[in-house]
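J.: the sequence and its predicted three-dimensional model are supplied below.
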Amino acid sequence: MRRPTPAQTVGPYFSLALDWPQAHQVTHEPPLGVAICLRGQVFDGDGLPVPDALIEIWQANGAGDYPTRGAASGYGFGRASVDSEGRYTFLTHKPGPVTPQEAPHIHLTLFARGLMNPLVTRLYFGDEAARNQHDPALAQVPLARRATLIAALTHTGYCFDIHLQGPLETVFFDV
């Protein structure tokens, strides 16, 4: 009797041809919102940098509207590979709230060797505390873990580190 083929991870070459020039620059037509730089690092369960991950973001524009052209056009969508130290950068615009109840946020999808499925999370902005307090998705996250979804405002933009496991593990959503 034949057995099913064992499950495979995405392998060591998954990111080949997935990155393209300026993929980390998210555009909107028109470019609504304040231009921001989003930086961070991806860490494993031991706190070591993950050198081979790929991050995709999808976001609304500054007016809270999602692009109508779709991800294939690049509008509202970005992709960045991490460097050898797990660092990534996106140049984008700060999104507005999509609904009056939601806080401004960016959707992130993380792909990495060893993951059978991509990890999905949201990034909220540290300088939007009042709006964050009333966001319905963020309200479902235990209070002690909400900080893992908040990007800190720094002198160079926003910083959002992603921890795959461990005591600082980022909250990932089951979608």
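T.: Nice, I can see it. Numbering: from 1, shown residues only.
J.: contacts for the longest helix along the chain?
T.: Determined from DSSP state H, the single longest helix within the chain is helix 129-134. If you take C-beta atoms under 8 Å, 6 or more residues apart in numbering as the criterion, helix 129-134 is touched by Pro97, Gln101, Glu102, Ala103, Pro104, Tyr124, Phe125, Leu138, Arg146, Ile150. Using the backbone N, CA and C atoms, a C-beta is placed for each residue, glycine as well.
J.: from those, which is closest to Val50?
T.: Closest to Val50 out of the contacts of helix 129-134 is Ile150 (20.6 Å), distances taken as C-beta to C-beta.
J.: and the closest one, how close does it get to Val42?
T.: Applying C-beta to C-beta, to the nearest Å, the value for Ile150 to Val42 is 17 Å.
J.: before we move on, what about Ile162?
T.: Going from Ile162 to Val42 by C-beta to C-beta gives 5 Å.
J.: what do the two both touch?
T.: Common neighbours of Ile162 and Val42 (criterion: C-beta under 8 Å, 6+ apart): Ile55, Leu110.
J.: still on that earlier bit, give the next helix or strand downstream of the longest helix of the chain.
T.: helix 136-139 (DSSP states H and E).
J.: and that next one, average pLDDT?
T.: For helix 136-139, mean pLDDT rounds to 96.
J.: where does that helix sit relative to the chain's centre, distance-wise?
T.: Relative to the chain's own centre, helix 136-139 is displaced by 17 Å; criterion: C-alpha atoms, centre = their mean, to the nearest Å.
J.: equivalent analysis for stretch 135-147, please.
T.: With C-alpha atoms, centre = their mean, you get 16 Å for stretch 135-147.
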